[in-house]
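Asks: everything below, folded, please.
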Amino acid sequence: MQIALLALLYYLFGELSFAISHENSIVTVVIFTAEGFALTSILLFGRKMWLGVFLGQLLLAISCMDPLVGLSIAIINSLEALLAFTFFNYFKLDKNLSTTKDIFGLIALIIFILQPFSALLGNLVLYTFSILDTAEFGKSFFSWWFGNLMGQILITPTLLLLYAHIEKTKFSEYLVIGLFFAFISYLFQIIIPIQNVSLLLSVTLPLIIYISSTRGIQYATFSVVIITAVTLYLTHINLGVFTTSNEVENLINLNFYFLSQMLLLLIIGTLFEERKQREKELKQLIEQEVEKNKEHTLMMLQQSRLAQMGQVINMIAHQWRQPLNNLLLINEVLVYKYGKNKITQKEIDKFQYDSTLQIKQMSGTIDDFRDFFQPRREKEHFLLNDIIEHLIEIVEPIFTSSEILLSFKEEKELYTDGYPNELAQALLNILYNAKDAFIENPKEDKYINIQLKEVDKKIVLTISDNAGGIPTDIIDDIFNPYFSTKKTLNGTGLGLYMSKMIIEKHMNGRLFALNNKKGATFTIELYSEGKSSSTPPYKLLKKFL
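Replies: Residues are numbered from 1 along each chain as shown. So this is what the prediction gives:
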């Protein structure tokens, strides 16, 4: 029954995809949704589903081409399905798509393995049977690759997430959300038409992200599919904003509109889901510790880290801005050349190389943040200068956007023993405390100066600002738990307390605050144990990268 149902769905949605294609030919740039159903079924139900892919593609192919050609195409698509199952399990990806690793893994598998495989072999078959000539090979390869890619990226995550949350599914909510986004699409494309694709995206994307954060990512991906279906239908009947006289411009805008919504949703939505899962796990852990009458330090630490997660997501967004712009440019250039029929294998290879580079950079950013803020259980001998420089690299875009000048002055390289990542979190709390002080006390020329030096065989690290200082009547209380001066920012009162705990209990140092002439100065005193005889692991990693 599963195999027969897949074959039927593959055939019907394949015919539907070709019916709304903008040109009548065997290979077109069309969102081929049948491939999405094929990939989903093979990941959910195993290798046996290759037969459903084979039968569905065979029925679809023989209706418009020679039976031998159709048989060859069906075999290739069946092999693609088996290839997907093999690689998905080899890289140990979770079909529930619960982490960013699963999302990036699935997208990379589709873009760089599955579709290049089927597009290359499929076009070779067409070329062998003289259906395709040499001059059209590049354009046909891109059309096959891109159409199948769009179908799988739009359909597969949606179905996998729906299946993963099937027990909690409320179909009435899907109906309401579907009708709402269908209306939104009709409203802003027909009744109040928005002609600029970026402006249209700025209307729909925040709504989709909101649905993801409040109801769940499975509802949000369903919303994107509804928007896609309505937009394709309107475009097919020559209505809506994607029906200008310039066909190439329509193609670029339409594809960018669909693809950017789904990719951004999958990335941001998965971060939300991970955060919710971590909050759930942390809540369970806190409850267990409270029941065992443990110290409340752990609870305050978890609350502090949850507060930092919002800061980390904000910093990731700043780091991703440039790669996302680069990906948009790479996509527009390629689609433009496609419209001019200038696609060559060299262009395809360049697109693959450039886009892979940007995706790896974005993935590396996530790993960088995760590794940098991951607590360590064992003490390390590390170079303090490196920790400060790396922290500044991470937070500088945030401070620059707030027009705060962040500077670092060092006299020499200083080593100490302790927990480098916990120290980085303590410094981050102090820096953000200074940043928030500028919100409470606005200045024209805002600065935060970090100075590292050695005094009497002690490491002295100072963080000074010109935000007006700390009121003298509360300066002795700022390190107390749940004490906050951020009246307008809803502060938790845990940041400085946790920083003091880290410095004094974990690093065997000292942290205190004083007012200077223009603001506040936080001073950290640590003990220097002398330089290590070998290069620390952190330094080796930095040199390697």
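Asks: mind pulling up the pLDDT for residue 416?
Replies: pLDDT recorded at residue 416 is 90.
Asks: and what of residue 245?
Replies: So residue 245 comes in at 68 (pLDDT).
Asks: what does residue 441 give?
Replies: Reading off the model, residue 441 has pLDDT 83.
Asks: number of nearby residues for it?
Replies: Neighbourhood size, residue 441 [other C-beta atoms under 10 Å]: 14. The C-beta positions use only the backbone N, C-alpha and C, and glycine is treated the same way.
Asks: the one 5 residues further on too?
Replies: For residue 446, the neighbour count with other C-beta under 10 Å is 21.
Asks: my guess is it meets residue 406, correct?
Replies: No. If you go by C-beta atoms under 8 Å, residue 446 and residue 406 don't touch, sitting 9.7 Å apart.
Asks: which residues of this structure score low on pLDDT?
Replies: Flagging of the chain using pLDDT under 70 yields the residue ranges 21-29, 245, 248, 289-319, 321-322, 361, 364-365, 367-377, 482-494, 529-545.
Asks: please name the nearest non-neighbouring residue to residue 277.
Replies: residue 98 (7.2 Å; C-beta to C-beta, 6 or more residues apart in numbering).
Asks: may I have the phi/psi pair for the one you found?
Replies: Backbone torsions of residue 98, given as degrees, to the nearest 10, read phi -90, psi -10.
Asks: doesn't residue 477 fall inside a helix?
Replies: No. Applying DSSP: H, G, I helix; E, B strand; the rest coil, one finds residue 477 to be coil, outside a helix.
Asks: quick one: contacts of stretch 111-121?
Replies: Contacting residues not belonging to stretch 111-121 are listed as 39, 76-77, 79-80, 83-84, 87, 141-142, 144-145, 148-149, 152, 352, 355-356 [C-beta atoms under 8 Å, 6 or more residues apart in numbering].
Asks: buried stuff in that stretch?
Replies: 111, 114, 115, 116, 117, 118, 119, 120, 121 (16 or more other C-beta atoms under 10 Å).
Asks: same list, those residues, but as JSON lines with secondary structure and distance to residue 383 please.
Replies: Putting those into JSON lines (DSSP: H, G, I helix; E, B strand; the rest coil; distance: C-beta to C-beta, whole Å) gives the following:
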{"residue": "111", "secondary structure": "helix", "distance to residue 383": "39"}
{"residue": "114", "secondary structure": "helix", "distance to residue 383": "44"}
{"residue": "115", "secondary structure": "helix", "distance to residue 383": "45"}
{"residue": "116", "secondary structure": "helix", "distance to residue 383": "44"}
{"residue": "117", "secondary structure": "helix", "distance to residue 383": "46"}
{"residue": "118", "secondary structure": "helix", "distance to residue 383": "50"}
{"residue": "119", "secondary structure": "helix", "distance to residue 383": "49"}
{"residue": "120", "secondary structure": "helix", "distance to residue 383": "49"}
{"residue": "121", "secondary structure": "helix", "distance to residue 383": "52"}
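Asks: quick one: contacts for residue 260?
Replies: Shown in contact with residue 260 (C-beta under 8 Å, 6+ apart): 201, 205, 328.
Asks: check contacts around the first one.
Replies: Contacts were defined as C-beta under 8 Å, 6+ apart; by that measure residue 201 touches 257, 260, 261.
Asks: can you tell me the element the last one falls in?
Replies: Using DSSP states H and E, residue 261 maps to helix 247-291.
Asks: about what we covered before: out of the contacts of stretch 111-121, which sit inside helices?
Replies: 39, 76-77, 79-80, 83-84, 87, 141-142, 144-145, 148-149, 152, 352, 355-356 (DSSP state H).
Asks: of those, buried ones?
Replies: Restricting these to buried positions leaves 39, 76-77, 79-80, 83-84, 141-142, 144-145, 148-149, 152, 355, with burial counted as 16+ other C-beta under 10 Å.
Asks: domains for the protein, by residue range?
Replies: According to automatic domain parsing, the chain comprises the domains 1-164, 380-544.
Asks: hey, which of these is tucked in deepest?
Replies: Neighbour counts (mean count of other C-beta atoms under 10 Å) averaged over each of the domains of the chain peak at domain 1-164, with a mean of 19.
Asks: reformat the buried residues of stretch 111-121 as JSON lines; add distance to residue 380.
Replies: Output for those, formatted as JSON lines (distance: C-beta to C-beta, whole Å):
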{"residue": "111", "distance to residue 380": "38"}
{"residue": "114", "distance to residue 380": "42"}
{"residue": "115", "distance to residue 380": "44"}
{"residue": "116", "distance to residue 380": "43"}
{"residue": "117", "distance to residue 380": "45"}
{"residue": "118", "distance to residue 380": "48"}
{"residue": "119", "distance to residue 380": "48"}
{"residue": "120", "distance to residue 380": "48"}
{"residue": "121", "distance to residue 380": "51"}
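Asks: between these, which sits nearest residue 477?
Replies: residue 111 (54.6 Å; C-beta to C-beta).
Asks: in a markdown table: the contacts of residue 260, plus secondary structure.
Replies: Converted to a markdown table, these look like this (three-state DSSP):
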| residue | secondary structure |
| --- | --- |
| 201 | helix |
| 205 | helix |
| 328 | helix |
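Asks: just give me the closest of those residues to residue 469.
Replies: For these, the nearest to residue 469 is residue 205 (41.7 Å; C-beta to C-beta).
Asks: for the closest one, which non-adjacent residue is closest in space?
Replies: residue 261 (5.9 Å).
Asks: thought the one you found was touching residue 206?
Replies: No. Judged on C-beta under 8 Å, residue 261 makes no contact with residue 206 at a distance of 10.9 Å.
Asks: ok, these two, which is more surrounded?
Replies: Neighbours per residue (other C-beta under 10 Å) separate residue 261 from residue 206, with residue 261 holding more: 22 against 10.
Asks: dump the residue contacts of the more buried one.
Replies: Residues near residue 261 by C-beta under 8 Å, 6+ apart: 201, 204, 205, 208, 224, 227.
Asks: from residue 207, how far off is it?
Replies: 10 Å (C-beta to C-beta, to the nearest Å).
Asks: repeat that for residue 352.
Replies: According to C-beta to C-beta, residue 352 stands 33 Å off from residue 207.
Asks: and what of residue 448?
Replies: Distance, residue 448 to residue 207, by C-beta to C-beta: 37 Å.
Asks: one more: residue 184?
Replies: Distance from residue 184 to residue 207, by C-beta to C-beta: 7 Å.
Asks: ditto for residue 193
Replies: Distance of residue 193 to residue 207, given as C-beta to C-beta: 18 Å.
Asks: show me which of the two is the more surrounded one.
Replies: Of the pair residue 193 and residue 207, residue 207 is the one with more neighbours under other C-beta under 10 Å, namely 16 against 12.
Asks: phi, psi of residue 93?
Replies: When quoted as degrees, to the nearest 10, the phi and psi of residue 93 stand at phi -80, psi 150.
Asks: for residue 72, what are its contacts?
Replies: residue 125.
Asks: can you give me phi and psi for it?
Replies: The phi/psi pair for residue 72 (degrees, to the nearest 10) is phi -60, psi -40.
Asks: where do the strands sit along the stretch 401-545 of the chain?
Replies: Remark: strands assigned in the stretch 401-545 of the chain by DSSP state E, counting those that start in this stretch are 404-410, 415-418, 446-455, 458-465, 510-515, 520-527.
Asks: take these and write them to JSON lines, including distance to residue 48.
Replies: Converted to JSON lines, these look like this (distance: least, C-beta to C-beta, whole Å):
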{"stretch": "strand 404-410", "distance to residue 48": "58"}
{"stretch": "strand 415-418", "distance to residue 48": "55"}
{"stretch": "strand 446-455", "distance to residue 48": "61"}
{"stretch": "strand 458-465", "distance to residue 48": "62"}
{"stretch": "strand 510-515", "distance to residue 48": "62"}
{"stretch": "strand 520-527", "distance to residue 48": "62"}
